[in-house]
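Peer 1: from the sequence below, what's the structure:
(one chain, ligands or ions: 2)
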Amino acid sequence: MSPPPSREQKLTQAQPSVAAVVVLAAGQGTRMRSRTPKVLHAIGGRSMLGHVLAAVAPLGGARTVVVVGSGRDQVEAHLADIAPDARAVLQEQQNGSGHAAAIALDALTDVDGPVLIVNGDAPLLRTSTVQALVDAHRSAGDLLTVLTASVPDPTGLGRIVRDGEGRVTAIVEERDATPEQRTITEVNAGVYLGDRAAVRAALSRVGAANDQGEQYLTDVLGLLVGDGAPVGGHRAADADDTLGCNDRRELAARRRTLNDRVLDDLMRGGVTVVDPLTTWVDVTVDVGPDTVLHPGTQLLGATMVAGGAVVGPDSTLTDTEVGEGARVVRTHADLAVVGPDVQVGPFAYLRPGTRLARGSKVGTFVETKNASLGEGSKIPHLSYVGDATIGEGTNIGAATVFVNYDGVAKHHTTIGDHARTGADNMFVAPVTVGDGAYTAAGSVITTDVPPGAMGVARATQRNVEGWVGRRRPGTAAAAAAEAAHGRGTDDAQGTRS
Ligand code: UD1
Ligand code: CA
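Peer 2: Numbers count the residues shown, from 1 in each chain. Ligands and ions are numbered 1, 2, ... in the order given. Predicted structure coming up:
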């Protein structure tokens, strides 16, 4: 079943808003100082490029072209993964955003109408903001409309120059701006909607006579204004949407903003977030109402937490499902399924393939992998459970190891329903313990235990009488033993309590 359409999808279902989308993602991202191409840096569960593509996808552009260059192999592989319908076009040399846009538009010669051109490093962009640009473009009947934002600190950004009547006349990059232009606080967001043919033609006239010696996409605006063409600027309602990301400090700041948005949405939906500063939730995560997220919780990837659950403190869940009313405390989980009313932790490690049925428990210092635990079953303390199937209502004794690896291959252990295994057991796989069976504490179980049997696999104890007095004379232990003997046989034999 596909989920109901979101507000943003409904907004755009009527007719496609743009004919095609171009994402500029070839830049070197020098300021990031990274081996990873800038647009592949991840925040909030997606790459920056992934966020941009997700924001523009609902606009219905029939074609999406991504300009790649620096780190192109990595970017292309990532694109194949997240947006297989997008086409990568190569900008061999990074001669500027205008040069990149021209290459993209040349790959779209059969497209007629408005093309959206977006910087690939704008991870906070939302569909509604781009849709507002589209609407402004349409109602003004512009040939080109640029998304702008008023920001308190415009440092490093292109300034929007307007004439006396408020019409946009040019974009000036900071390094080329006059001191007076630098005082302008309306900036270029790096999101443009323009007629393909008109923008492409103007790009042919863009030179590189600027401080960086690059062809600036931003110059197209002034050129079209010079031609007397209708050009406009649409100010974004929320300036955060337009913020780019050029270095690691901005990466941290964008991540913070995105996380705040995600947590705000969750809290509006009835989720308690005890400490928003230390709780990190990816945009791809779902959390149900009346769930409590304690400090230090990270919910990542395709994680889904149902309602009424408690997660944290200090828990990291990746691609993990948590059922209604479950409690997951100080836990690290990866690709695990935690059923309803299950208790996990504190200090548990659930590895891929862990499936915990309703009302079961994985306790303190327990690691599980490829293991399913039946309804109401418990692994309370200090155990490793790998490659196992455990039935319902079974209790696994403390300090148990499922010995699944013979040095070459992994093997499976099966424990039946309502079994009681003793503390400090080793289950040497492959081995099966039947329904209702018991095993003795300290057993190394290497052969199957039939249903209802007691499996005992340990050395028989022998006591060497008087050993301490003979071999450790003069010690506190010897004195204690002698005193016990003096008090009488009962005490000397020891009482079990
Ligand atoms: C750009 C804008 C600036 C705007 C800011 C918003 C230009 C000239 N300036 O500045 O007005 O305020 O974004 O964040 O566009 N790219 C290529 N090939 C290239 C060069 C760049 O594909 O040869 C891509 C980059 O990968 C990036 C985008 O174009 O996604 C913008 O380039 P970037 O270097 O980040 O420009 P800014 O200096 O941030
Ligand atoms: Ca940028």
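Peer 1: say whether ligand 1 is contacted by stretch 200-220.
Peer 2: Yes: applying CB under 6 Å from any ligand atom, one finds that stretch 200-220 is in contact with ligand 1 at Y216, L217, T218. Just so you know, the C-beta spots here come from the backbone N, C-alpha and C atoms, and that holds for glycine as well.
Peer 1: run through who's touching that stretch.
Peer 2: Stretch 200-220 is contacted by residues 24, 94-102, 105-106, 117, 144, 158, 171-173, 175-176, 188, 192, 194, 199, 223-224, 227 when judged by CB atoms under 8 Å, 6 or more residues apart in numbering.
Peer 1: filter those down to the buried ones.
Peer 2: Judged by neighbour count, with 16 or more other CB atoms under 10 Å as the criterion, the buried members of the contacts of stretch 200-220 are 24, 94-102, 105, 117, 144, 158, 171-173, 176, 188, 192, 194, 199, 223-224.
Peer 1: spatially nearest residue to A398 (excluding sequence neighbours)?
Peer 2: By the measure of CB to CB, 6 or more residues apart in numbering, the closest residue to A398 outside its immediate chain neighbours is H381, 4.0 Å from it.
Peer 1: so what's the residue count around that neighbour?
Peer 2: Counted by other CB atoms under 10 Å, the residues lying close to H381 total 15.
Peer 1: that one and D424: what is the separation?
Peer 2: According to CB to CB, to the nearest Å, H381 and D424 sit 11 Å apart.
Peer 1: identify the contacts common to the two.
Peer 2: A398, A399.
Peer 1: so which of the contacts of stretch 200-220 are in helices?
Peer 2: Using DSSP state H, the members of the contacts of stretch 200-220 that fall in helices are S97, G98, H99, A100, A101, A102, L105, D106, V199, L223, L224.
Peer 1: return only those of the residues you listed found close to ligand 1.
Peer 2: The subset of those within reach of ligand 1, counting by CB under 6 Å from any ligand atom, consists of S97, H99, A100.
Peer 1: thought the last one was touching V67?
Peer 2: The reference is to A100. Yes: between A100 and V67 there is a contact under CB atoms under 8 Å: 4.4 Å.
Peer 1: ok, and the closest non-adjacent residue to D435?
Peer 2: Skipping the residues right next to it in sequence, D435 comes nearest to G416 by CB to CB, 6+ apart, at 3.6 Å.
Peer 1: and the helices in the stretch 351-497 of the chain?
Peer 2: Assigned by DSSP state H, counting those that start in this stretch, the stretch 351-497 of the chain shows helices spanning 467-471, 476-487, 489-493.
Peer 1: how about the residue of the stretch 301-450 of the chain found nearest ligand 1, what does it touch?
Peer 2: Of the stretch 301-450 of the chain, the residue with the smallest distance to ligand 1, taken as CB to the nearest ligand atom, is G301 at 25.1 Å. Neighbour list for G301: G45, D282, T284, V285, T318, D319 [criterion: CB under 8 Å, 6+ apart].
Peer 1: burial check on E465, number of neighbours?
Peer 2: Applying the criterion other CB under 10 Å, we find 7 residues in the vicinity of E465.
Peer 1: pLDDT value on it, please?
Peer 2: According to the prediction, E465 has pLDDT 97.
Peer 1: if I look at it, how far off is ligand 1?
Peer 2: E465 sits 83 Å away from ligand 1 when distances are taken as CB to the nearest ligand atom, to the nearest Å.
Peer 1: which residues does that residue contact?
Peer 2: When contacts are counted by CB under 8 Å, 6+ apart, E465 is found next to no other residue.
Peer 1: am I right that V75 sits in a strand?
Peer 2: No: with DSSP: H, G, I helix; E, B strand; the rest coil as the criterion, V75 is located in helix rather than a strand.
Peer 1: which one of the helices of the stretch 351-497 of the chain has the lowest average pLDDT?
Peer 2: Within the helices of the stretch 351-497 of the chain, confidence is poorest for helix 489-493, with a mean of 53 (mean pLDDT).
Peer 1: spatially, what comes nearest to the residue in the chain that ligand 1 sits nearest to if we skip its sequence neighbours?
Peer 2: Ligand 1 sits closest to G158 of the chain, with a gap of 2.1 Å, by CB to the nearest ligand atom. With CB to CB, 6+ apart as the measure, N188 is the residue that lies nearest to G158, at 3.7 Å, once sequence neighbours are left out.
Peer 1: quick check: bridge partners of that neighbour?
Peer 2: T148 (DSSP bridges).
Peer 1: how far does stretch 164-179 sit from the chain's center?
Peer 2: The gap between the average C-alpha position of stretch 164-179 and the chain average comes to 39 Å, counting by CA atoms, centre = their mean, to the nearest Å.
Peer 1: I meant to write stretch 132-140 there.
Peer 2: Stretch 132-140 sits 33 Å away from the centroid of its parent chain (CA atoms, centre = their mean).
Peer 1: buried ones in that stretch?
Peer 2: For stretch 132-140, the buried set under the neighbour-count rule, 16+ other CB under 10 Å, comprises A132, L133, V134, A136, H137.
Peer 1: which members of these occur in strands, if any?
Peer 2: Assignment to strands by DSSP state E places none of the buried residues of stretch 132-140 there.
Peer 1: those in helices, which ones?
Peer 2: Among these, the residues falling in helices (DSSP H) are A132, L133, V134, A136, H137.
Peer 1: right, and the fourth one touches R235 too?
Peer 2: Meaning A136. No: in this structure, A136 is not within contact of R235 by CB under 8 Å, at 9.0 Å.
Peer 1: my guess is the residue nearest to G158 contacts L157. True?
Peer 2: Yes: the criterion here is CB under 8 Å, and N188 meets it with L157 at 6.4 Å.
Peer 1: isn't there a helix covering Q212?
Peer 2: No: assigned with three-state DSSP, Q212 falls outside any helix and is coil.
Peer 1: what separation do you get for it and H99?
Peer 2: Plainly put, Q212 is 12 Å away from H99 if you go by CB to CB.
Peer 1: what's the burial count for the closest residue to H51 other than its chain neighbours?
Peer 2: Nearest residue to H51 in three dimensions, chain neighbours excluded: P123, at 4.1 Å (CB to CB, 6+ apart). Other residues near P123 number 30, with proximity taken as other CB under 10 Å.
Peer 1: quick one, helices of the stretch 201-350 of the chain?
Peer 2: With DSSP H, counting those that start in this stretch as the criterion, the stretch 201-350 of the chain has helices at 219-226, 248-268.
Peer 1: most tightly surrounded among those helices?
Peer 2: helix 219-226 (a mean of 22; mean count of other CB atoms under 10 Å).
Peer 1: turn the buried residues of stretch 132-140 into CSV, columns for distance to ligand 2 and pLDDT.
Peer 2: As requested, these are exported to CSV (distance: CB to the ion, whole Å; pLDDT from 0 to 100):
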residue, distance to ligand 2, pLDDT
A132, 21, 98
L133, 18, 98
V134, 22, 97
A136, 23, 97
H137, 22, 97
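Peer 1: out of those, who's nearest L243?
Peer 2: Closest to L243 out of those is L133 (15.6 Å), distances taken as CB to CB.
Peer 1: hang on, isn't the closest one packed against H234?
Peer 2: Yes: counting by CB under 8 Å, L133 sits close enough to H234 to count as a contact (4.9 Å).
Peer 1: what is in contact with these two at once?
Peer 2: Taking CB under 8 Å, 6+ apart as the contact definition, L133 and H234 share the neighbouring residues T145, L147.
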